[in-house]
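> Quick one: sequence and predicted model below, then my questions.
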Number of protein chains: 2
Amino acid sequence: MSKPILVVGGGPSGLAAAQALAGAGQRSILVEKENRLGGAPILSGYAKLVPSGEWAKDAIGGMVTRAESSPLIARELGATVQQFSGEPGNFRAQLSNGRAVEASAAILCTGFTHFDSVNKPEWGFGTYPDVVTTTQVEQMISSGQGVRCPSDGRKPERVAILLCVGSRDRQIGREWCSKICCTVSANIAMEIREELPNCHVYIYYMDIRTFGLYETKYYWASQEIHKVKYIKARVAEVTSNGERLVLKAEDTLVKRPITIPFDLVVHAIGMDPNVDNKTIASVFGVALEEHGFIGKRNSYGTFGETSRAGVFVAGSATGPETIDDSIGQGKAAAIAALGLVHAQAGAVAA
Amino acid sequence: MSKPILVVGGGPSGLAAAQALAGAGQRSILVEKENRLGGAPILSGYAKLVPSGEWAKDAIGGMVTRAESSPLIARELGATVQQFSGEPGNFRAQLSNGRAVEASAAILCTGFTHFDSVNKPEWGFGTYPDVVTTTQVEQMISSGQGVRCPSDGRKPERVAILLCVGSRDRQIGREWCSKICCTVSANIAMEIREELPNCHVYIYYMDIRTFGLYETKYYWASQEIHKVKYIKARVAEVTSNGERLVLKAEDTLVKRPITIPFDLVVHAIGMDPNVDNKTIASVFGVALEEHGFIGKRNSYGTFGETSRAGVFVAGSATGPETIDDSIGQGKAAAIAALGLVHAQAGAVAA
């Protein structure tokens, strides 16, 4: 009987990988550093997901429930991999909880880290309580309390969502695009408009990247059905006039400075490489790509290969990624690992 | 022994699905309507692929070679599925070549159809020989002849690439974004600049959607290393002054009409639903989504489910998609189908 496959990270891609392996009759060991499965959508309390419109607690929560009820998925929560050695078909991992496990292959589904808006101080986060992040707005919605100004609990009448906070910004060392923030922001804007029909919602953008079929469901629907307003602008700073936040920007279409008061300013925060990536790269002996995400070989042969044979990678560990594509990649890496197990078994049998 | 899995379509997603199944020891039958495997990248003669930079004939050609040499992949070329009946685990397909095959599951990897630029007549395609499509430029590059003006074979000194031809255009019934044309166009622009260093290349755009890590490799590199120029504009029409093409547009940043002569105008053509989708939907009994692509259920459970149990879908059959994601989805759908086979085998054994 072949050894189980080690899946590192219990977010969407890791859950997808473990579940796909179980479906094919293959055992896995799912190691998650937190004490709870689900990754960012669960741990950060996301609301309704793009593009399904399902609540994260149902959609990703359902994935967690299925993983927890599978006899083929062993779970190691609150644990990290501290040492990893061996060869494809015969790896050995030492976990932080003292256990040692054997594995035929490993799939790194170690995800990303949300950009910390305090690294963009001129845009007011950390200074003004009514400057929040998309993650905080997701939490306001998913908690059922609704979108309110943290300073005094009032319903905002004017909300600005600033795109590309921690993305496409070389001044702070983030030149990549975080891929999904445009669409998530359009989704949040529509949620706010549904809950607070009298609230005006503005999205400040460089380019609107609601790619593929998101165009219909988010770009057009947010403007035409939900009357969200888009302003192409370079944001200069967020300050306060004592009563409201004041957002100064340059409208890049009319080439004029614009100063508009808002009750709530939302940073659409980007996706950084997982802060643990240097450790993960060192433990697993895999190379990072230029921005600090985990490097992935091309997709034409075996999917999700890292620089180390038998160690695969999937999802936002490799760069900014959507939840759907993270899930798809987790499953694609799963069948790649399964192929390795199959080849090993064939070699042993021969 | 379980029945093979039917994979319909021999492009990147179909090749990926069949290869992944073979890797796991599962037989498949790959049905391709053309007489040659490879899908759009091979049949349309793509040049260097995004983002690997590998030639399509090597990258996807290698996938074809591996599929052709696998004893677990039966191939039916120049054939379509004309009838499809049965239940998961026990389907029967009648092919156009007279053969009938049995299958445990089916994966539709039936791809897309390139937008036909004659449907955008005011932009000059079909009227002026030096108005071409991105696919034609790919062919010029991959053939080794280089990028030349079709009218007289001269090297162009000024090239304009128009984005969103057949995308984000409600006037012609294409409101979706085709996702990858921005990045492909930046890639082509850089290729032209490398071959013809004295040629000026302009990209006319609405929004630049080089999402995720494409931002570094295409958006920044095209501008900073290769000096490609981007113009945010609404294109009005392409005409001729007798010597050169004349491109009239409104620069939406300076709000002024601009009229610029070019030697070559390239339409960055979008991805339409496969023209055969109504037939495919009828034969397989699956629902299409609102734009005419094949409908796909959410990704949280079994990946790539259509409206019919046991029939999965992957890649650009579901909407505009990158090659890498098409491959990933093909493999993800493969393990979904494998899970179905495994469950059926368990049910039979029990």
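Received it, and whenever you're ready, just let me know what you need. All of these numbers come straight from a predicted model, not from anything done at the bench.

> In chain A, where is pLDDT below threshold?
Within chain A, the ranges that satisfy pLDDT under 70 run A:1, A:349-350.

> which stretches of it form helices?
With helices called from DSSP state H, chain A shows them at A:12-23, A:39-43, A:56-68, A:134-143, A:181-195, A:214, A:221-224, A:277-284, A:323-349.

> Now the ones you listed in CSV, please, with extra columns for distance to residue B:85 and mean neighbour count.
(C-beta placed from N, C-alpha, C; glycine too.) As requested, the helices of chain A are arranged in CSV below (distance: least, CB to CB, whole Å; neighbours: other CB atoms under 10 Å in any protein chain shown):
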stretch, distance to residue B:85, mean neighbour count
helix A:12-23, 25, 31
helix A:39-43, 39, 23
helix A:56-68, 31, 19
helix A:134-143, 44, 20
helix A:181-195, 39, 24
helix A:214, 36, 26
helix A:221-224, 38, 17
helix A:277-284, 48, 18
helix A:323-349, 28, 25
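
> and residue A:312, which of those is closest to it?
Judged by CB to CB, the one of the helices of chain A that comes nearest to residue A:312 is helix A:323-349, at 4.2 Å.

> for the closest one, packing partners?
With contacts defined as 3 or more CB pairs under 8 Å, 6 or more residues apart in numbering or on different chains; DSSP states H and E, the packing partners of helix A:323-349 are strand A:5-8, helix A:12-23, strand A:105-108, strand A:311-313, helix B:12-23, helix B:323-349.

> Throw these into TSV and include distance to residue A:305, thanks.
Below are the helices and strands packed on helix A:323-349 laid out as TSV (distance: least, CB to CB, whole Å):
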stretch	distance to residue A:305
strand A:5-8	15
helix A:12-23	14
strand A:105-108	11
strand A:311-313	6
helix B:12-23	13
helix B:323-349	12
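
> so which of those gets nearest residue B:290?
Nearest to residue B:290 among the helices and strands packed on helix A:323-349 is helix B:323-349; the distance by CB to CB comes to 19.8 Å.

> Residue B:50 is nearest to which of the helices and strands packed on helix A:323-349?
Closest approach to residue B:50 among the helices and strands packed on helix A:323-349 is made by helix B:323-349 (7.4 Å; CB to CB).

> Report the distance from that closest one to the chain centre.
For helix B:323-349, the separation from the chain centroid amounts to 23 Å (computed by CA atoms, centre = their mean, to the nearest Å).

> likewise stretch A:266-273?
A distance of 9 Å separates the C-alpha centroid of stretch A:266-273 from that of its chain, computed with CA atoms, centre = their mean.

> just stretch A:90-102 next, same as before
Centroid displacement of stretch A:90-102 relative to its chain, using CA atoms, centre = their mean, is 27 Å.

> re the thing from before, quick one, which of the helices and strands packed on helix A:323-349 is nearest to residue B:282?
Residue B:282 sits nearest to helix B:12-23 of all the helices and strands packed on helix A:323-349, at 20.0 Å, using CB to CB.

> So residue A:111 sits against residue A:13, correct?
Yes - between residue A:111 and residue A:13 there is a contact at 7.5 Å, judged by CB atoms under 8 Å.

> what sits in contact with each of those two?
In the contact map built from CB atoms under 8 Å, 6 or more residues apart in numbering or on different chains, the residues linked to both residue A:111 and residue A:13 are A:39, A:315, A:316, A:317.

> Now, of those, which are buried?
With burial judged by 16 or more other CB atoms under 10 Å in any protein chain shown, the buried subset of the shared contacts of residue A:111 and residue A:13 is A:39, A:315, A:316, A:317.

> for the second one, what are its contacts?
Right, the one you point to is residue A:315. When contacts are counted by CB under 8 Å, 6+ apart, residue A:315 is found next to A:9, A:11-14, A:109, A:111, A:321, A:325-327, A:329-330.

> again, but for the third one
Contacts here follow CB under 8 Å, 6+ apart; on that basis residue A:316 touches A:11, A:13, A:111, A:112, A:271, A:326.

> Among these, which pair sits farthest apart?
A:13 and A:271 (13.3 Å).

> picking up where we left off before, please identify which of the helices and strands packed on helix A:323-349 is closest to residue A:299.
helix B:323-349 (4.5 Å).

> In this structure residue A:110 contacts residue A:318, no?
No - taking contacts as CB under 8 Å, residue A:110 lies outside contact range of residue A:318: 9.7 Å.

> Nearest to residue A:225 among the contacts of residue A:315?
Of all the contacts of residue A:315, the one with the least separation from residue A:225 (CB to CB) is residue A:325, at 26.1 Å.

> any idea how far residue B:201 is from the closest residue to that closest one other than its chain neighbours?
Nearest-residue entry for residue A:325: residue B:325, 6.1 Å, with adjacent residues in sequence omitted and distances by CB to CB, 6 or more residues apart in numbering or on different chains. According to CB to CB, to the nearest Å, residue B:325 and residue B:201 sit 27 Å apart.

> picking that back up, which one of the contacts of residue A:315 sits closest to residue A:68?
Relative to residue A:68, the closest of the contacts of residue A:315 is residue A:14; by CB to CB it sits at 13.1 Å.

> List the contacts of the closest residue to the closest one other than its chain neighbours.
Taking CB to CB, 6+ apart, and ignoring the residues beside it in sequence, residue A:14 has residue A:109 as its nearest neighbour in space, at 3.4 Å. Contacts here follow CB under 8 Å, 6+ apart; on that basis residue A:109 touches A:7-11, A:13-14, A:17, A:313-315, A:317, A:326, A:330, A:333.

> Can you check what angle separates the top strand by length along chain A from strand B:229-240?
Ranked by residue count, the top strand of chain A under DSSP state E comes out as strand A:229-240. Relative orientation of strand A:229-240 versus strand B:229-240 (axes from the mean of the first three to the mean of the last three CA atoms, to 10 degrees): 160 degrees.

> Pairing partners for strand A:229-240, with directions?
The strands beside strand A:229-240 in its sheet (DSSP bridges) come out as strand A:200-205 (parallel), strand A:245-251 (antiparallel).

> buried stuff in the last one?
Read that as strand A:245-251. Under the neighbour-count criterion of 16+ other CB under 10 Å, strand A:245-251 has A:245, A:246, A:247, A:249 buried.
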